[in-house]
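Undergrad: Next one to model:
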Amino acid sequence: MPDRVSVTTSQSWFSRLADSIKSVVFGLVLFVVGFPLLFWNEGRAVKTARSLTEGAGVVMSVSPDAVDHANDGKLVHVSAFTATDDVLVDDTFGISENAIQLARHVEMYQWVEDESSTSETKLGGSKETTTTYDYSTEWKPSLVDSSDFHSPDGHENPNAMPYEGRTEWATNVSLGAFTLAESQIRDLDNSESLRLSSLPSSLQGSKLHDGDVYVGADFESPSVGDARVKFSVVRPGSVSVVAQQAGSSFSPYSAEAGGQVFLLQEAIVSADAMFETAPFERDDDVDSALGRLFRDVLRSRHVIRADRRLWRCRSTRRSRARRGNRYRGGLSRRVFCDRNDRGRMDHLPPGAWHHLVVARRWCGVPVGARR
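TA: Below is the predicted model of the structure:
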């Protein structure tokens, strides 16, 4: 059975027209639905950014050695070393580790299908499409259903994985005198590989290769259905948290701006540094995608209008305004008025002053005062 199969189909002009109309209608629906989603997403980003700005102004660093209940409900910053007495076990492979997380990662060697198409328009408006299906073998972390292949014969995959991936978590993890909640424990993902030195005798057909488990005949020449099993652990380490103190634990801080603040980094980091590297930019004037779009549109409108009005007045009045081009962010930046004339704007014709001021503000140029 070849590892490449090609299929050629033809589509009439009327069928293509119908598909085009459907695509246009679908695009309009996406356009209408997309704007509310975009506004909602941008609003959420603004709320988060303002909440982070608020949090940076009220956060206080506290000692991890003792819990001060006077700080309950306040936004606190704690840096310490995590600890746990929990022992995580994987009985199948005989693993027992004192860790925060123990994960088993399983991959199986399987057939995969790659589909590609090329189209050619024929005389009369019809379209001929050639679809090519390429089959190759790869290591995949989940089961690939070969019955969905265009050509499953000769490319059959097993119906099940020899072992399933799994993750075990510690339930009792402390940060100094504080205790981390379950959701906070699962935010710890600074993992390292765990190499095995031996396997239980009950594992038939499995062998060790560089500390990992290989299920199959030859790891240098794998066959479909072979599997490899790797392990990783998250061990106790340095952690910094910015959150609301809730007794001897932590919870997200509800800011007056409407968002929540909870920051966690797996290192000793100051509160200022944690806010600086937070996932959202903290700025009084959040530069959202829609904001940038409208800003650029308005900038162009005012620059063009101010430029046009100044150009008209030059033919009737002698203006001291000098124009030059500068560039910022790839957008044309008009700079009107000489340095010495920034305070002498009374020579501008009616209407030009408003557009000039707005244009200079958008471009970040000092406006000066009109006399």
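Undergrad: In terms of secondary structure, what does the top helix by length along the chain contact?
TA: Longest helix in the chain by number of residues (criterion: DSSP state H): helix 13-58. Helices and strands touching helix 13-58, by 3 or more Cβ pairs under 8 Å, 6 or more residues apart in numbering; DSSP states H and E, are strand 260-261, helix 271-276, helix 289-314. Bear in mind the C-beta positions are built from the backbone N, C-alpha and C, glycine included.
Undergrad: Against which helices or strands is the first one packed?
TA: What it means is strand 260-261. Other helices and strands packing on strand 260-261, by 3+ Cβ pairs under 8 Å, 6+ apart, are helix 13-58, strand 238-246, strand 253-254.
Undergrad: Rebuild the ones you listed as JSON lines, extending it with mean neighbour count.
TA: Formatted as JSON lines, these follow (neighbours: other Cβ atoms under 10 Å):
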{"stretch": "helix 13-58", "mean neighbour count": "14"}
{"stretch": "strand 238-246", "mean neighbour count": "22"}
{"stretch": "strand 253-254", "mean neighbour count": "19"}
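Undergrad: which strand of this protein spans the most residues?
TA: Secondary structure of the chain per DSSP state E: the longest strand is strand 101-121.
Undergrad: Please name every helix or strand in contact with the helix or strand following that one.
TA: For strand 101-121, the following helix or strand on the C-terminal side (DSSP states H and E) is strand 127-140. Contacts defined by 3+ Cβ pairs under 8 Å, 6+ apart place strand 127-140 against strand 4-11, strand 101-121.
Undergrad: Could you tell me the average pLDDT over the first one, please?
TA: Within the predicted structure, the mean pLDDT of strand 4-11 is 84.
Undergrad: Strand partners (parallel or antiparallel) of that strand?
TA: Applying DSSP bridges to the sheet, strand 4-11 is found paired with strand 127-140 (antiparallel).
Undergrad: Residues contacting the strand it pairs with, please?
TA: With contacts defined as Cβ atoms under 8 Å, 6 or more residues apart in numbering, strand 127-140 is touched by 3-11, 16, 107-122, 149-151, 155, 222, 224, 228.
Undergrad: ok, of these, which come out buried?
TA: 5, 11, 107-113, 149, 151, 155, 222, 228 (16 or more other Cβ atoms under 10 Å).
Undergrad: what helix or strand is the residue nearest to the spatial centre of the chain on?
TA: With distances taken as Cα atoms, centre = their mean, residue 279 lies nearest the centre of the chain, 9.2 Å away. Under the criterion DSSP H and E, no helix or strand holds residue 279.
Undergrad: Can I get the helices and strands packed on strand 127-140 in CSV including distance to residue 89?
TA: Formatted as CSV, those follow (distance: least, Cβ to Cβ, whole Å):
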stretch, distance to residue 89
strand 4-11, 47
strand 101-121, 8
